[in-house]
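Visitor: Fold the following and give me the result.
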Amino acid sequence: MNKIMDLPVLYSLRNCPFAMRARIAIYKSQQAVLLRDLVLSDKPAEMLQASPKGTVPVVVTPNGKVIEESYELMLWALTQGDPDDLLCADNDEAFDAMLTLIYQFDSEFKRCLENYKCAKRYSESNIAECRQACEIYIEQLEKLLSQHSYLMADRESLADIALLPFIRQFARVERQWYLQSPYPNLRAWLNRYLQSKMFSKVMTKHPLWLENKEDVVFGG
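Guide: Numbers count the residues shown, from 1 in each chain. As a prediction, this is how the structure comes out:
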């Protein structure tokens, strides 16, 4: 029991892409956390006390440190353990290139994706225009994936797991268009993830923590 109580606590929302990539990084780090699933309409007081902004993911470490940005959380997790060297520890140039790509997608592609999703949801007339704005970034990934199996090289990196949840969202907006789109390398990359044991574990549905306040040990 004491060992369980000493684990970091992760507040998460199953389908939030930011929470999703945080869980992927924790899974890849092979460390364990106490997972507390929630819904945004019913946020635990414990989470709001730790992180008043009320968004997920949030990690609270045993010593009380709060990490509340998914990018920082990924780095934190992989600093604890990185058996697959997703951070490219011995290659500063590759690490910097990863960070540049992640920042570009977090700051630019994410905004285009939100516009695209809204255009689909509300049947707006500019959906093709919104999709084309996203495609500028999708074409960039397709080109990278034509050169190697993953975004940065022939092995997985932080960039892959950071972008994965958002590319998954893109693929779901206009499913039939996506399946016929000129991005075969991107589709193969995404499918490999979606069909993996890792993704199945990361997306497992757990009872909401506020229903019984029973922690779930995730990762490790």
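
Visitor: Specify the local secondary structure of residue 85.
Guide: Following DSSP: H, G, I helix; E, B strand; the rest coil, residue 85 is assigned to coil.

Visitor: how many neighbours does it have?
Guide: By other C-beta atoms under 10 Å, 14 other residues sit near residue 85. C-beta coordinates here come from the backbone N, C-alpha and C atoms, glycine included.

Visitor: now residue 43
Guide: Other residues close to residue 43 by other C-beta under 10 Å number 18.

Visitor: I'd say it and residue 54 touch.
Guide: Yes. When contacts are counted by C-beta atoms under 8 Å, residue 43 is listed as touching residue 54 (5.5 Å).

Visitor: other SSEs contacting the host helix or strand of residue 11?
Guide: According to DSSP states H and E, residue 11 maps onto strand 9-12. Using 3 or more C-beta pairs under 8 Å, 6 or more residues apart in numbering; DSSP states H and E, the elements in contact with strand 9-12 are helix 17-29, strand 32-37, strand 58-60.

Visitor: Give me the sheet partners of it and which way each runs.
Guide: Note on strand 9-12: by DSSP bridges, its sheet partners are strand 32-37 (parallel), strand 58-60 (antiparallel).

Visitor: Now render the ones you listed as TSV, adding distance to residue 187 and mean neighbour count.
Guide: As requested, those are exported to TSV (distance: least, C-beta to C-beta, whole Å; neighbours: other C-beta atoms under 10 Å):
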stretch	distance to residue 187	mean neighbour count
strand 32-37	30	22
strand 58-60	32	25
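
Visitor: before we move on, the earlier item: indicate which one of the helices and strands packed on strand 9-12 is closest to residue 73.
Guide: Closest to residue 73 of the helices and strands packed on strand 9-12, according to C-beta to C-beta: helix 17-29, at 4.5 Å.

Visitor: Tell me which residues are up against the closest one.
Guide: 10, 12-14, 33, 35, 55-57, 59, 70, 73-74, 77-78, 80-84, 86, 158, 161-162, 164-166, 168-169, 198-199, 201-203, 218-219 (C-beta atoms under 8 Å, 6 or more residues apart in numbering).

Visitor: try 7 Å
Guide: 10, 12-13, 33, 56-57, 70, 73-74, 77-78, 80-82, 84, 86, 161-162, 164-166, 169, 198, 201-202, 218-219 (C-beta atoms under 7 Å, 6 or more residues apart in numbering).

Visitor: all helices for this protein, in order.
Guide: For the chain, the helices defined by DSSP state H cover 2-5, 17-29, 45-50, 70-80, 92-104, 110-121, 127-147, 158-173, 175-179, 184-194, 197-202, 209-212.

Visitor: most neighbours per residue, which of the ones you listed?
Guide: Ranked by mean neighbour count, those are led by helix 17-29 with a mean of 25 (mean count of other C-beta atoms under 10 Å).

Visitor: Compute the inter-axis angle for it and helix 70-80.
Guide: 0 degrees (axes from the mean of the first three to the mean of the last three C-alpha atoms, to 10 degrees).

Visitor: thinking again about what came up before, mind checking the helices of the chain for the one nearest to residue 64?
Guide: Nearest of the helices of the chain to residue 64, taken as C-beta to C-beta: helix 45-50 at 8.5 Å.

Visitor: before we move on, the earlier item: mind putting the helices of the chain into a markdown table with mean pLDDT and distance to residue 63?
Guide: Shown next, in a markdown table, are these (pLDDT from 0 to 100; distance: least, C-beta to C-beta, whole Å):
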| stretch | mean pLDDT | distance to residue 63 |
| --- | --- | --- |
| helix 2-5 | 61 | 13 |
| helix 17-29 | 98 | 18 |
| helix 45-50 | 95 | 13 |
| helix 70-80 | 96 | 13 |
| helix 92-104 | 96 | 27 |
| helix 110-121 | 97 | 32 |
| helix 127-147 | 98 | 38 |
| helix 158-173 | 98 | 25 |
| helix 175-179 | 97 | 44 |
| helix 184-194 | 98 | 33 |
| helix 197-202 | 97 | 26 |
| helix 209-212 | 93 | 21 |
